[in-house]
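Novice: build me a structure from this.
(3 chains)
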Amino acid sequence: MKASPPQTEAELWMRATAIAQQSLGDLAAAVSMTVPNDFRREKGFIGQLLERVLGATAGNLSKPDFTHLGIELKTLPLNANGQPKESTYVSIVPLMGREPLSWQHCELYQKLRRVLWIPYFFDKTVEPRYWRLSDPVLWSPTAEEEAILREDWYELMSRVQMGRLDQINARLGQYLQIRPKAMNADVRTQGIGSNGECVRTSPRGFYLRTSFTARIIF
DNA sequence: GCGTGATCATGG
DNA sequence: CCATGATCACGC
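Specialist: Okay, here's the model as predicted:
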(Lines give C-alpha, C1' and ligand atoms only; values in the text may rest on other atoms or scores of the structure.)
Protein backbone atom coordinates (compact mmCIF):
# COMPACT_ATOMS: atom_id res chain seq x y z
CA MET A 1 0.00 0.00 0.00
CA LYS A 2 1.12 3.49 -0.82
CA ALA A 3 -0.61 6.84 -0.72
CA SER A 4 -1.65 8.51 -3.99
CA PRO A 5 0.07 11.80 -4.84
CA PRO A 6 -1.55 14.76 -3.09
CA GLN A 7 -3.17 17.09 -5.63
CA THR A 8 -2.54 20.34 -3.79
CA GLU A 9 -0.24 21.76 -1.17
CA ALA A 10 -3.24 22.00 1.15
CA GLU A 11 -3.93 18.31 0.74
CA LEU A 12 -0.31 17.44 1.43
CA TRP A 13 -0.37 19.64 4.51
CA MET A 14 -3.54 17.95 5.77
CA ARG A 15 -1.89 14.57 5.43
CA ALA A 16 1.26 15.78 7.18
CA THR A 17 -0.63 17.23 10.14
CA ALA A 18 -2.80 14.13 10.38
CA ILE A 19 0.24 11.92 11.06
CA ALA A 20 1.90 14.25 13.59
CA GLN A 21 2.86 12.49 16.83
CA GLN A 22 2.28 9.03 15.34
CA SER A 23 4.81 6.25 15.85
CA LEU A 24 6.98 4.91 13.03
CA GLY A 25 5.57 1.45 13.70
CA ASP A 26 1.98 2.56 13.12
CA LEU A 27 2.92 4.54 10.02
CA ALA A 28 4.85 1.62 8.58
CA ALA A 29 2.00 -0.81 9.20
CA ALA A 30 -0.33 1.46 7.24
CA VAL A 31 1.87 1.14 4.13
CA SER A 32 2.88 -2.50 4.64
CA MET A 33 6.44 -1.77 5.76
CA THR A 34 8.40 -2.99 8.77
CA VAL A 35 10.62 -0.65 10.77
CA PRO A 36 14.17 -2.03 11.10
CA ASN A 37 15.58 -2.31 14.63
CA ASP A 38 18.97 -1.08 13.45
CA PHE A 39 19.53 1.65 10.87
CA ARG A 40 23.16 0.78 10.21
CA ARG A 41 22.13 -1.04 7.04
CA GLU A 42 18.93 0.88 6.26
CA LYS A 43 19.81 4.51 6.80
CA GLY A 44 17.24 5.84 4.39
CA PHE A 45 14.30 3.95 5.83
CA ILE A 46 12.47 6.81 7.50
CA GLY A 47 12.64 8.98 4.40
CA GLN A 48 11.31 6.17 2.24
CA LEU A 49 8.57 5.45 4.78
CA LEU A 50 7.35 9.05 4.72
CA GLU A 51 7.51 9.13 0.91
CA ARG A 52 5.04 6.27 0.81
CA VAL A 53 2.86 7.57 3.59
CA LEU A 54 2.53 10.99 1.99
CA GLY A 55 2.48 9.92 -1.67
CA ALA A 56 5.76 11.37 -2.97
CA THR A 57 6.37 10.86 -6.67
CA ALA A 58 9.93 11.73 -7.70
CA GLY A 59 11.64 8.43 -6.89
CA ASN A 60 15.36 8.86 -7.46
CA LEU A 61 14.98 11.64 -10.01
CA SER A 62 16.74 14.93 -9.35
CA LYS A 63 13.46 16.68 -8.68
CA PRO A 64 11.50 17.81 -5.64
CA ASP A 65 9.71 14.80 -4.14
CA PHE A 66 6.28 16.18 -4.94
CA THR A 67 7.33 17.23 -8.40
CA HIS A 68 3.97 18.64 -9.51
CA LEU A 69 3.75 20.76 -6.34
CA GLY A 70 7.42 21.80 -6.33
CA ILE A 71 7.76 20.58 -2.75
CA GLU A 72 10.71 18.68 -1.32
CA LEU A 73 10.17 16.23 1.56
CA LYS A 74 12.77 16.07 4.33
CA THR A 75 12.68 14.02 7.50
CA LEU A 76 14.68 15.51 10.38
CA PRO A 77 15.93 13.56 13.41
CA LEU A 78 15.64 15.44 16.71
CA ASN A 79 17.52 14.68 19.92
CA ALA A 80 15.87 14.56 23.35
CA ASN A 81 16.07 18.35 23.56
CA GLY A 82 14.16 18.74 20.32
CA GLN A 83 17.26 19.92 18.42
CA PRO A 84 18.25 18.43 15.04
CA LYS A 85 20.85 15.74 15.64
CA GLU A 86 22.12 15.34 12.07
CA SER A 87 22.80 17.59 9.11
CA THR A 88 20.38 17.32 6.20
CA TYR A 89 21.47 16.07 2.79
CA VAL A 90 19.96 18.12 -0.04
CA SER A 91 21.55 17.25 -3.37
CA ILE A 92 24.61 16.05 -5.20
CA VAL A 93 27.34 18.62 -6.00
CA PRO A 94 27.77 19.03 -9.78
CA LEU A 95 31.54 18.61 -10.08
CA MET A 96 31.90 18.89 -13.87
CA GLY A 97 29.62 21.82 -14.72
CA ARG A 98 31.35 24.82 -16.28
CA GLU A 99 28.30 26.98 -16.97
CA PRO A 100 28.09 30.42 -15.35
CA LEU A 101 26.78 29.95 -11.81
CA SER A 102 23.08 30.70 -11.52
CA TRP A 103 21.46 30.35 -8.11
CA GLN A 104 17.98 30.68 -9.53
CA HIS A 105 18.49 27.72 -11.83
CA CYS A 106 20.55 25.41 -9.66
CA GLU A 107 19.19 22.13 -8.39
CA LEU A 108 19.87 23.03 -4.78
CA TYR A 109 17.68 26.12 -4.91
CA GLN A 110 14.92 24.28 -6.78
CA LYS A 111 14.75 21.82 -3.91
CA LEU A 112 14.99 24.36 -1.10
CA ARG A 113 12.36 26.76 -2.46
CA ARG A 114 9.67 24.87 -0.58
CA VAL A 115 10.27 22.01 1.86
CA LEU A 116 7.92 19.90 3.95
CA TRP A 117 9.92 19.07 7.08
CA ILE A 118 8.85 16.03 9.05
CA PRO A 119 10.81 16.08 12.33
CA TYR A 120 10.84 13.01 14.55
CA PHE A 121 12.34 12.09 17.89
CA PHE A 122 15.45 9.99 17.44
CA ASP A 123 15.82 7.93 20.61
CA LYS A 124 18.44 5.20 20.82
CA THR A 125 17.04 4.00 24.17
CA VAL A 126 14.00 2.42 22.48
CA GLU A 127 13.46 0.54 19.24
CA PRO A 128 12.82 2.78 16.20
CA ARG A 129 9.26 1.51 15.75
CA TYR A 130 8.37 3.41 18.91
CA TRP A 131 9.84 6.71 17.72
CA ARG A 132 7.24 9.43 17.16
CA LEU A 133 6.89 12.18 14.63
CA SER A 134 6.91 15.75 15.85
CA ASP A 135 4.86 18.49 14.16
CA PRO A 136 5.48 19.10 10.44
CA VAL A 137 6.76 22.42 9.10
CA LEU A 138 6.06 23.71 5.60
CA TRP A 139 8.88 26.09 4.87
CA SER A 140 10.34 28.45 2.30
CA PRO A 141 13.54 30.40 2.95
CA THR A 142 13.10 34.01 4.02
CA ALA A 143 14.90 36.62 1.91
CA GLU A 144 17.66 36.74 4.54
CA GLU A 145 18.02 32.97 4.67
CA GLU A 146 18.07 32.71 0.91
CA ALA A 147 20.76 35.39 0.67
CA ILE A 148 23.07 33.41 2.95
CA LEU A 149 22.34 30.11 1.23
CA ARG A 150 23.11 31.79 -2.08
CA GLU A 151 26.39 33.20 -0.74
CA ASP A 152 27.41 29.81 0.58
CA TRP A 153 26.50 28.16 -2.68
CA TYR A 154 28.49 30.67 -4.75
CA GLU A 155 31.53 30.35 -2.52
CA LEU A 156 31.46 26.57 -2.66
CA MET A 157 30.60 26.24 -6.35
CA SER A 158 33.24 28.81 -7.31
CA ARG A 159 35.87 26.56 -5.78
CA VAL A 160 34.44 23.55 -7.59
CA GLN A 161 34.56 25.31 -10.95
CA MET A 162 38.00 26.83 -10.30
CA GLY A 163 39.38 23.35 -9.73
CA ARG A 164 39.96 24.00 -6.02
CA LEU A 165 38.38 20.80 -4.72
CA ASP A 166 41.35 20.52 -2.38
CA GLN A 167 40.18 23.72 -0.67
CA ILE A 168 36.70 22.39 0.07
CA ASN A 169 35.86 20.79 3.39
CA ALA A 170 32.82 20.68 5.66
CA ARG A 171 33.95 23.77 7.61
CA LEU A 172 33.14 26.10 4.74
CA GLY A 173 29.71 27.67 4.52
CA GLN A 174 27.45 29.30 7.08
CA TYR A 175 24.25 27.31 6.45
CA LEU A 176 25.42 25.00 3.68
CA GLN A 177 28.37 22.63 3.57
CA ILE A 178 29.89 20.11 1.17
CA ARG A 179 30.69 16.61 2.44
CA PRO A 180 31.47 13.24 0.85
CA LYS A 181 28.49 11.40 -0.61
CA ALA A 182 29.35 7.88 -1.67
CA MET A 183 29.30 4.25 -0.66
CA ASN A 184 32.87 4.59 0.64
CA ALA A 185 36.01 6.70 0.38
CA ASP A 186 37.32 4.72 -2.59
CA VAL A 187 34.50 5.77 -4.90
CA ARG A 188 35.64 8.16 -7.62
CA THR A 189 33.93 10.39 -10.14
CA GLN A 190 35.15 13.16 -12.44
CA GLY A 191 35.87 16.67 -11.29
CA ILE A 192 37.76 19.77 -12.40
CA GLY A 193 41.49 20.02 -11.66
CA SER A 194 43.51 23.14 -10.87
CA ASN A 195 44.42 23.63 -14.55
CA GLY A 196 40.88 23.03 -15.74
CA GLU A 197 41.58 19.42 -16.63
CA CYS A 198 39.43 16.42 -15.64
CA VAL A 199 40.52 14.69 -12.45
CA ARG A 200 39.28 11.71 -10.47
CA THR A 201 37.78 12.76 -7.15
CA SER A 202 35.22 11.66 -4.61
CA PRO A 203 31.52 12.45 -5.12
CA ARG A 204 30.18 15.09 -2.74
CA GLY A 205 26.82 16.35 -1.57
CA PHE A 206 25.34 19.59 -0.26
CA TYR A 207 24.15 19.41 3.35
CA LEU A 208 22.31 21.87 5.58
CA ARG A 209 23.92 22.41 8.99
CA THR A 210 21.95 21.49 12.10
CA SER A 211 22.22 25.09 13.31
CA PHE A 212 20.26 26.12 10.22
CA THR A 213 17.59 23.43 10.35
CA ALA A 214 17.10 24.28 14.02
CA ARG A 215 16.15 27.82 12.96
CA ILE A 216 13.66 26.43 10.48
CA ILE A 217 11.66 24.26 12.84
CA PHE A 218 11.49 26.82 15.68
C1' DG B 1 28.27 4.81 -11.60
C1' DC B 2 24.82 8.27 -10.21
C1' DG B 3 21.28 10.11 -7.53
C1' DT B 4 17.66 8.85 -4.22
C1' DG B 5 16.94 8.18 1.02
C1' DA B 6 20.04 9.31 5.13
C1' DT B 7 22.86 7.74 9.72
C1' DC B 8 27.22 5.95 11.45
C1' DA B 9 31.60 6.32 13.79
C1' DT B 10 35.61 8.44 15.10
C1' DG B 11 39.01 12.24 15.56
C1' DG B 12 39.88 16.78 17.39
C1' DC C 1 30.96 15.84 22.97
C1' DC C 2 29.71 16.49 18.32
C1' DA C 3 30.82 17.93 13.58
C1' DT C 4 33.36 16.01 9.87
C1' DG C 5 34.36 12.51 6.96
C1' DA C 6 32.80 7.83 5.93
C1' DT C 7 29.34 4.69 5.02
C1' DC C 8 24.80 1.66 3.71
C1' DA C 9 20.76 0.25 0.59
C1' DC C 10 18.20 0.67 -3.55
C1' DG C 11 16.64 1.61 -8.64
C1' DC C 12 18.20 1.97 -12.98
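Novice: show me which residues of chain A sit near DNA strand C.
Specialist: Within chain A, the positions adjacent to DNA strand C are A:40-44, A:59-60, A:86-87, A:169-171, A:177, A:179-186, A:202, A:209-210 by Cβ under 7 Å from any atom of the strand. Where you see a C-beta, it was placed from the backbone N, CA and C, and this is true even at glycine.
Novice: filter the residues you listed by proximity to DNA strand B?
Specialist: A:40, A:42-44, A:59-60, A:86-87, A:179, A:181, A:183.
Novice: buried subset of those?
Specialist: A:87, A:181 (16 or more other Cβ atoms under 10 Å).
Novice: reformat the ones next to DNA strand B among the residues of chain A next to DNA strand C as JSON lines; add pLDDT.
Specialist: JSON lines is the format used below for those (pLDDT from 0 to 100):
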{"residue": "A:Arg40", "pLDDT": "94"}
{"residue": "A:Glu42", "pLDDT": "96"}
{"residue": "A:Lys43", "pLDDT": "96"}
{"residue": "A:Gly44", "pLDDT": "96"}
{"residue": "A:Gly59", "pLDDT": "76"}
{"residue": "A:Asn60", "pLDDT": "77"}
{"residue": "A:Glu86", "pLDDT": "97"}
{"residue": "A:Ser87", "pLDDT": "98"}
{"residue": "A:Arg179", "pLDDT": "97"}
{"residue": "A:Lys181", "pLDDT": "98"}
{"residue": "A:Met183", "pLDDT": "96"}
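Novice: tell me which of the ones next to DNA strand B among the residues of chain A next to DNA strand C is nearest to DNA strand B?
Specialist: A:Gly44 (2.2 Å; Cβ to the nearest atom of the strand).
Novice: for A:Leu50, see how far away the closest one is.
Specialist: 11 Å (Cβ to Cβ, to the nearest Å).
Novice: buried ones in the host helix or strand of A:Glu51?
Specialist: In this structure, A:Glu51 is located in helix A:45-54 according to DSSP states H and E. Neighbour-count burial for helix A:45-54 flags A:45-46, A:49-54 (criterion: 16+ other Cβ under 10 Å).
Novice: near DNA strand B, which residues of chain A show up?
Specialist: So chain A meets DNA strand B at A:38-40, A:42-44, A:46-48, A:50-51, A:58-62, A:65, A:72-75, A:77, A:86-87, A:89, A:91-92, A:94, A:107, A:122, A:179, A:181, A:183, A:187-190, A:203, A:205 (Cβ under 7 Å from any atom of the strand).
Novice: strands along chain A, start to end?
Specialist: In chain A, the strands defined using DSSP state E lie at A:72-78, A:88-92, A:115-121, A:137-139, A:176-180, A:189-192, A:198-201, A:204-208.
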